[in-house]
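Asker: give the three-dimensional model of this entry:
(chains A and B)
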Amino acid sequence: MRCVLGAARVLEIKGEMKDMTKDTSAGAAGRRRAVSGDPLGPNSEIGRKLKQYYDELVSDQVPDRFAQLLSQLEQADPARKKD
Amino acid sequence: MAAVSQSFKTDLLGSIPSLRAFAVSLTQNADKADDLVQETLVKAWDKHESFQPGTNLKAWLFTILRNEFYSQMRKRGREVQDSDGIMTARLAVHPAQHGQLDLKDFRGALEQLPEDQREAIILIGASGFSYEEAAEICGCAVGTIKSRVSRARARLQEILKISGEDEYGPDAISAQVTGSNAA
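Answerer: Reported below is the predicted structural model:
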């Protein structure tokens, strides 16, 4: 599975991830601002449906393949301490 | 390279439901969504050192997932979306009656949005990100996210025939029903 990841794409993503990790403190302020007069808030039909749609997806049961995948990655991790 | 910590692994596991929801929102296809989540987890694992503990893991993962999605789209020449003929929602959607929209209709309407608008309205309206966070995830300006959300919302209202916020009355709407859905 790992072999399919092209080096160029990995680098591209690495660059973007550096940007991502910089600062997330702006998030809280944005969220507070969103409370009043929020066009997607609970008073909006679109807002309610969006949340309903998304919550249904989030609550979908996670297939076992993902836990298995993480275990495999852990086993294959070259830096993992052998004990 | 340092080993991946247990807490990172636990956090990854905990993020999977959100990642899957975002992936389905992007791809509109459950199988493709899960493949996308798998790719995202592998990448996140390989790049775990570039994640700074204490910062927003979910935003970091969403960024990876989104990049992967668009890079796959480019590679496949945009056949990613709807390649299985799933887009049935071009059909007329039943209008909202008394504010009670059917979730299936909503899903169909969401599917008709361009990807950039759909992801913006999902990130802001459903995933709980701020405009600033969504802008970082999408690699664009905050103003761009705002305008995409606003266009997405207007388009959804149009498709679902919601006349405007807090106006769910059947008056103008019922005329459209009898007019267009007579068959």
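
Asker: any low-confidence regions in the chain?
Answerer: Just going to use chain A. Along chain A, segments meeting pLDDT under 70 span A:1-37, A:78-83.

Asker: um, chain B though
Answerer: Residues of chain B that meet the criterion pLDDT under 70 lie in B:1, B:78-101, B:163-183.

Asker: can you pull out the helices in it?
Answerer: Remark: helices assigned in chain B by DSSP state H are B:6-27, B:30-46, B:57-75, B:103-111, B:115-125, B:131-138, B:142-159, B:171-180.

Asker: mind putting those into CSV with distance to A:Lys51 and mean neighbour count?
Answerer: C-beta coordinates here come from the backbone N, C-alpha and C atoms, glycine included. Output for the helices of chain B, formatted as CSV (distance: least, Cβ to Cβ, whole Å; neighbours: other Cβ atoms under 10 Å in any protein chain shown):
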stretch, distance to A:Lys51, mean neighbour count
helix B:6-27, 11, 20
helix B:30-46, 19, 20
helix B:57-75, 16, 20
helix B:103-111, 11, 18
helix B:115-125, 7, 24
helix B:131-138, 16, 24
helix B:142-159, 13, 18
helix B:171-180, 23, 12
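
Asker: how near is whichever residue of chain B sits closest to chain A to A:Gly47?
Answerer: In chain B, the residue that lies nearest chain A is B:Ser130 (2.7 Å; Cβ to the nearest Cβ). Per Cβ to Cβ, to the nearest Å, B:Ser130 is found 15 Å from A:Gly47.

Asker: who's more crowded, the two?
Answerer: With neighbours defined as other Cβ atoms under 10 Å in any protein chain shown, B:Ser130 and A:Gly47 compare such that B:Ser130 has more, 23 against 20.

Asker: show me which positions of the one helix or strand A:Arg65 maps to end up buried.
Answerer: Under the criterion of DSSP states H and E, A:Arg65 resides in helix A:64-76. For helix A:64-76, the neighbour count (16 or more other Cβ atoms under 10 Å in any protein chain shown) marks A:66, A:69-70, A:73 as buried.

Asker: quick check, nearest of the residues you listed to B:Phe62?
Answerer: Nearest to B:Phe62 out of the buried residues of helix A:64-76 is A:Phe66 (Cβ to Cβ; 16.1 Å).

Asker: show me chain B divided up by domain.
Answerer: Using automatic domain parsing, the domains assigned to chain B come out as B:7-80, B:93-183.
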